[in-house]
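1. The following comprises the amino acid sequence and a computationally predicted model.
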Amino acid sequence: MRVRLSTPLNAPPEWVAAQLQSTAVFRHIAAPLVLFRPTCGTPWPAHWSPGDLQLQMRLLGLLPMGSQTVRISIEPSAQAGGWPTLRDNGEGALMRRWDHRITLQPLPDGHTLYTDDIDVVARHLPWLMTPLSGAFAQVFYRHRQRRWCQLAARRAAAPMADPLRQQRAFDHLLAAFDRDAGAPPATRWRWLEAAHVLGQSTLSLHWRSHRVMLRYALQLRDLREAGGQVQRLALVPLGHLLARLPIGNTGRARVSALAPMAPQPHITRLINEALAAASLPPLNIWQKMAVAHDLHAQAAINSRAIG
């Protein structure tokens, strides 16, 4: 039996894709209807990765529902330039098949159409239990999508889109790249990839990220990477003019300049840490503003309370 549900989220696809990688977000949106726990006391991984994870389920945290194998894989989008599909082709004590796909489609104004597509077949008495399982899937995924909408609304209410915060977080990533001068190139490239993903929506930051990438490629004498960065510098103005930006793309020469990408866990982690570090200016700056301009200080206090 197939169940398909969609809902618009007040958040861009790159944000939703980043949240999808988090097991903490998965537990949050499933609760309190269904609580999951890894078997044998295994700790939760921070992020999903391709492969199997054995979980125990409890309805409302009380009624045991048996074990479930979550089998994660990533499938390419059926549409050119679309976001990849997250798939859980699992099974469990009650279900012979629980094939769940999550797809994301960008909507106008930075919103996302989020879709759950589930195919269920019960393990026991399928003629009776499969329709009942489909009805439960309707309830469960509607609950999850309501929780997604709440998360997206909270994100929209927070200063996540503050351009000054984005600038500070971008600067934080480049400063970390500079401080990491003795690290291997593969490690240092991660800072620049994270800066590209974070700053891609702003022309000046997007241009700057490729300029730093070009300089570093020349420093490494990596002619292939340097040539790719020259091409991308030429494409940056056109991409912003046409609003054709491959969101989540790392900006490296080794990946297609036109391919949207779901941020990898290490990229998401670096960006989240940079945003956290950039959530407020340093305290001494606030203090100086308070001394110099009482009105500005009050506005700053209000802004801090909202954040």
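-> Structure received. Residues are numbered from 1 along each chain as shown.
2. so where's the protein shaky on pLDDT?
-> Low-confidence regions of the chain, defined by pLDDT under 70, span residues 80-81, 129, 156-164, 279-307.
3. Helices of that one, residue ranges please.
-> Under the criterion DSSP state H, the chain contains helices at 13-20, 23-30, 126-157, 163-179, 185-199, 203-220, 223-241, 265-277, 283-292, 294-306.
4. quick one: buried residues of stretch 222-242?
-> Of the residues in stretch 222-242, 225, 226, 228, 229, 232, 235, 236, 239, 240 count as buried by neighbour count, 16 or more other Cβ atoms under 10 Å. No exception for glycine: its C-beta is placed from N, CA and C like everyone else's.
5. Distance check, the first one against residue 198.
-> The spacing between residue 225 and residue 198, counted by Cβ to Cβ, to the nearest Å, is 20 Å.
6. Repeat that for the second one.
-> Applying Cβ to Cβ, the value for residue 226 to residue 198 is 22 Å.
7. and if you look at residue 219?
-> For residue 219 relative to residue 198 (Cβ to Cβ), the value is 22 Å.
8. Of the two, give the one with the bigger neighbour count.
-> residue 198 (27 against 10; other Cβ atoms under 10 Å).
9. Contact partners for the nearest residue to that one once chain neighbours are set aside?
-> The shortest distance from residue 198 to any non-neighbouring residue, by Cβ to Cβ, 6 or more residues apart in numbering, is to residue 271 (5.1 Å). By Cβ atoms under 8 Å, 6 or more residues apart in numbering, residue 271 lies in contact with 18, 169, 173, 194, 197, 198, 263.
10. repeat that with 7 Å
-> 194, 197, 198 (Cβ atoms under 7 Å, 6 or more residues apart in numbering).
11. my read: the last one touches residue 169, true?
-> The one in question is residue 198. Yes: using Cβ atoms under 7 Å, residue 198 is in contact with residue 169, at 6.0 Å.
12. Spit out the residues that contact those two alike.
-> Residues within reach of residue 198 and of residue 169 at once, by Cβ under 7 Å, 6+ apart, are residue 274.
13. quick one: buried residues of stretch 91-107?
-> For stretch 91-107, burial by neighbour count (16+ other Cβ under 10 Å) applies to 91-92, 94-95, 97-106.
14. Narrow those to those in strands?
-> In this view, the buried residues of stretch 91-107 that belong to strands under DSSP state E are 91-92, 95, 97-106.
15. May I see those organised as CSV, with distance to residue 22 added?
-> Listed next are these as CSV, based on distance: Cβ to Cβ, whole Å:
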residue, distance to residue 22
91, 23
92, 22
95, 24
97, 25
98, 21
99, 22
100, 17
101, 18
102, 13
103, 18
104, 15
105, 21
106, 21
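16. May I ask which two of those are separated the most?
-> Greatest spacing in those, by Cβ to Cβ: 92 and 106 (33.1 Å).
17. re earlier: out of the ones in strands among the buried residues of stretch 91-107, which comes closest to residue 180?
-> residue 104 (32.2 Å).
18. Good, we can wrap up now.
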